[in-house]
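Visitor: this is a predicted model, with the sequence first.
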There are 2 protein chains.
Amino acid sequence: MTRFVAVDWGSTNRRAYVIDDGAVIFSDRDDRGVTAIAAKGFDAEVDILQARYDGLPMLLAGMIGSNRGWLDAGYVTTPAGLDAVACGVSWPRTDVAVVPGLSLAANGRGDVMRGEEVQLLGAVAAGLAPVDALLCQPGTHCKWARMAGGDVADFTTAMTGEMFALLRDHALIGREMIAEPSDDAAFLDGVAESARGDLLAALFGVRPASLLGLRKPESAGSFVSGLLIGTDVRAHSGDDDVHLLADGAIGALYARAIAAVGGTVCRVDSHAAFVAGIVRIQERIA
Amino acid sequence: MTRFVAVDWGSTNRRAYVIDDGAVIFSDRDDRGVTAIAAKGFDAEVDILQARYDGLPMLLAGMIGSNRGWLDAGYVTTPAGLDAVACGVSWPRTDVAVVPGLSLAANGRGDVMRGEEVQLLGAVAAGLAPVDALLCQPGTHCKWARMAGGDVADFTTAMTGEMFALLRDHALIGREMIAEPSDDAAFLDGVAESARGDLLAALFGVRPASLLGLRKPESAGSFVSGLLIGTDVRAHSGDDDVHLLADGAIGALYARAIAAVGGTVCRVDSHAAFVAGIVRIQERIA
């Protein structure tokens, strides 16, 4: 069996790839993420998806394998490579498998990922990033993964994107965060301000800066974005090159912040990384 | 005129003191804070309050003097002492005055306070704190003020309390922040974790710690409180003794965190500090 359907099934979106002999021959994206589906609706949803692709076997990754998804596919503990992840795959049906997440527990600190591991391991396996490297996956929950010998050796998650949304939607300063952030001068001011290491005060300072005429109110969104992303990058990039798996606007913001703090960015195509990873997992379980 | 009514009129509460010859002869507290009063209702509200106290002259401080309150009483720039604040008082009526706030603008950073300045200047003037000292006023927006020669020389506001409420009410980890925080072992774990200087990751880590059995879900509130207050204290207390103007639960949490990071706490009665400050301002404007 060389043809299968790989699904990157996240919280808010899913992307399906029909893969034949290691190459994508069709792909599609929709908004039927895990949170759009009722708890008892997953069996039917999997049926519909599989029927759409002529009953091909399917390999699912992401939040579909969480306790909020179709079934809890568990976690493989780090360090972990493709073999360990393939070993941990769950088989709710004979022709549908679900990839496990990764977990980490060290020094009283815990962390988890689900879905990102396919991209990380795929990026390295396909030579899109070195086997020993720092990889970054920005988003609601930004992942920073340290790869060693091709395995995920260690990782940290920062709630950078969720914090931006919390502030914009619910904080007092949110009233000023109207415009979409862009990598402009206010964004770089925020990145520079993050060097002070005083996030709770810098965030409060957004409104006084407007009140006192130190910053235009309409630039608050970019400033807060720069502050949060700058804080994230400074805490996690160290002196290493950052291999950035991100598209579009969020990728541009992280790339700008990393460069602004003196780092080097290497962009990696996150879709290519996912496909490279899922193909290698499929090879191991076929 | 030695008898007057001093009102500490904040966003959610107000507290009135009838003061005769420098001593409080009656005080009362209610929930008619600024946000409980319609924009056009302030004149009537001031009438009602003054009638309640036999038409005595009134001196109002706090958010009542903001653009969301009765009138914008402006800001006095720091460094500022009692003379400068008294000089900046507004007189919307011949027998009702409003205390201005303090502002600071330096190195592109701005900050403001409104109401706290009366406590700060009063604490020092009454000898409740040294004339050169670091004072801390915890709350939704925690103020850290550096006093020099009895004046407010510099200050910083951190959105520590607002951030706790944002996380509890709107973040994914909020589902676990059910129990009220207390200064328990989980709180101290949070204070210790704040030493890593990686707030965005430590906050994300709350849920994995529960998922992986590293921490009891019911201790999440205390842990997050310790993390935020620890972050605030480490960023702002330095090596100085902290003169803490706070009552009740929040005072206990800050005192515990300051001690945990090796600092020395001196508790100051915030009501006595307010009265000491407002009496001295009244003397100057009488």
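Guide: Thanks, I have the structure now. Numbering: from 1, shown residues only, chains lettered A, B, ... in the order given.

Visitor: okay, strands next: where are they in the stretch 151-286 of chain A?
Guide: Taking DSSP state E, counting those that start in this stretch as the criterion, the stretch 151-286 of chain A carries its strands at A:151-158, A:242-245, A:265-268.

Visitor: among those, which is nearest chain B?
Guide: Closest of the strands of the stretch 151-286 of chain A to chain B is strand A:151-158, at 3.9 Å (criterion: CB to the nearest CB). The way it works is simple: take the backbone N, C-alpha and C, and place the C-beta from them, glycine included.

Visitor: what pLDDT, on average, does that closest one get?
Guide: Per-residue pLDDT values over strand A:151-158 give a mean of 97.

Visitor: could you do stretch A:220-227 as well?
Guide: 98.

Visitor: which one of the residues in the stretch 1-150 of chain A is closest to chain B?
Guide: For the stretch 1-150 of chain A, CB to the nearest CB, closest residue to chain B: residue A:110, 3.9 Å.

Visitor: list phi and psi for that residue.
Guide: The phi and psi values for residue A:110, taken as degrees, to the nearest 10, are phi -120, psi 150.

Visitor: likewise for residue A:108?
Guide: When read as degrees, to the nearest 10, the backbone of residue A:108 gives phi 80, psi 0.

Visitor: one step back: deepest-packed of the strands of the stretch 151-286 of chain A, please.
Guide: strand A:242-245 (a mean of 24; mean count of other CB atoms under 10 Å in any protein chain shown).

Visitor: for residue A:12, which non-adjacent residue is closest in space?
Guide: Among residues not flanking residue A:12 along the chain, residue A:33 sits closest, at 4.0 Å (CB to CB, 6 or more residues apart in numbering or on different chains).

Visitor: tally of neighbours for the one you found?
Guide: Counted with other CB atoms under 10 Å in any protein chain shown, the neighbours of residue A:33 add up to 17.

Visitor: list the contacts of it.
Guide: A:9-14, A:63 (CB atoms under 8 Å, 6 or more residues apart in numbering or on different chains).

Visitor: keep only those of the residues you listed that are in strands.
Guide: Mapping the contacts of residue A:33 onto strands (DSSP state E) picks out A:9, A:14.

Visitor: among the contacts of residue A:33, which one has the most neighbours?
Guide: With neighbours set by other CB under 10 Å, the maximum within those is found at residue A:9, which has 30 neighbours.

Visitor: and that residue, bridged to which residues?
Guide: residue A:14 (DSSP bridges).

Visitor: residue A:34 is in contact with that one, correct?
Guide: Yes: counting by CB atoms under 8 Å, residue A:34 is a contact partner of residue A:9 at 6.7 Å.

Visitor: mutual contacts of these two, please.
Guide: Taking CB under 8 Å, 6+ apart as the criterion, residue A:9 and residue A:34 both touch A:62-64, A:69.

Visitor: between these, which sits nearest residue B:161?
Guide: residue A:63 (32.3 Å; CB to CB).

Visitor: does that closest one touch residue A:113 like I think?
Guide: No: shown here, residue A:63 and residue A:113 do not form a contact pair, counting by CB under 8 Å, at 10.6 Å.

Visitor: re earlier: including distance to chain B and pLDDT, could the shared contacts of residue A:9 and residue A:34 go into CSV?
Guide: Below are the shared contacts of residue A:9 and residue A:34 laid out as CSV (distance: CB to the nearest CB, whole Å; pLDDT from 0 to 100):
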residue, distance to chain B, pLDDT
A:62, 16, 97
A:63, 12, 96
A:64, 17, 97
A:69, 14, 95
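
Visitor: quick one: buried ones out of these?
Guide: Among these, those buried by neighbour count (16 or more other CB atoms under 10 Å in any protein chain shown) are A:62-64, A:69.

Visitor: give me the beta-bridge partners of the most centrally placed residue in chain A?
Guide: Taking CA atoms, centre = their mean, the centroid of chain A lies closest to residue A:137, which sits 4.4 Å from it. According to DSSP bridges, the residues that bridge with residue A:137 are residue A:143.

Visitor: what's it in contact with, if anything?
Guide: Residue A:137 neighbours (CB under 8 Å, 6+ apart): A:116, A:119-120, A:143, A:145, A:245-246, A:270.

Visitor: for chain A, which spans come out with low pLDDT?
Guide: By pLDDT under 70, the low-scoring segments of chain A are A:1.

Visitor: quick one: furthest residue from the center of it?
Guide: Outermost residue of chain A (CA atoms, centre = their mean): residue A:212, 37.8 Å.

Visitor: is it correct that it is in contact with residue B:108?
Guide: No: in terms of CB under 8 Å, residue A:212 does not count as a neighbour of residue B:108; the distance is 10.5 Å.

Visitor: on that earlier part again, return the member of the contacts of residue A:137 nearest to residue A:100.
Guide: Among these, and counting by CB to CB, the member closest to residue A:100 is residue A:116, at 12.4 Å.

Visitor: verify the stated contact: the closest one with residue A:145.
Guide: Yes: taking contacts as CB under 8 Å, residue A:116 lies within contact range of residue A:145: 7.4 Å.

Visitor: could you list the domains of chain A?
Guide: A:3-128+A:269-285, A:160-268 (automatic domain parsing).

Visitor: let me know which of those domains is tucked in deepest.
Guide: Comparing the domains of chain A by mean count of other CB under 10 Å gives domain A:160-268 as most buried, with a mean of 20.

Visitor: measure it end to end?
Guide: Distance across domain A:160-268, first residue to last, is 20 Å (CA to CA, to the nearest Å).

Visitor: the domains of chain A into a markdown table, with extra columns for distance to residue B:261?
Guide: As requested, these are exported to a markdown table (distance: least, CB to CB, whole Å):
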| stretch | distance to residue B:261 |
| --- | --- |
| domain A:3-128+A:269-285 | 18 |
| domain A:160-268 | 15 |
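
Visitor: after the host helix or strand of residue A:47, which helix or strand is next? Please name it.
Guide: Counting by DSSP states H and E, the element that carries residue A:47 is helix A:42-52. Going down the chain from helix A:42-52, the next helix or strand is strand A:58-61, by DSSP H and E.

Visitor: just the C-alpha atoms of that following strand, please, in PDB.
Guide: Extracted in PDB, the C-alpha atoms of strand A:58-61 (Å, rounded to 0.1, in the frame of the first residue of the first chain):
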ATOM      1  CA  MET A  58      -5.700   7.300   6.700                       C
ATOM      2  CA  LEU A  59      -3.000   8.400   9.100                       C
ATOM      3  CA  LEU A  60      -4.100  11.300  11.400                       C
ATOM      4  CA  ALA A  61      -2.000  13.600  13.400                       C
END
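
Visitor: I'd like the next helix or strand past that strand.
Guide: strand A:75-77.

Visitor: show the contacting residues for the spatially closest residue to the residue farthest from the centre of chain A that is not a sequence neighbour.
Guide: Excluding its sequence neighbours, the residue lying closest to residue A:212 (CB to CB, 6+ apart) is residue B:110, at 4.2 Å. Residue B:110 makes contacts with A:205, A:208-209, A:211-212, A:214, B:103-104, as judged by CB under 8 Å, 6+ apart.
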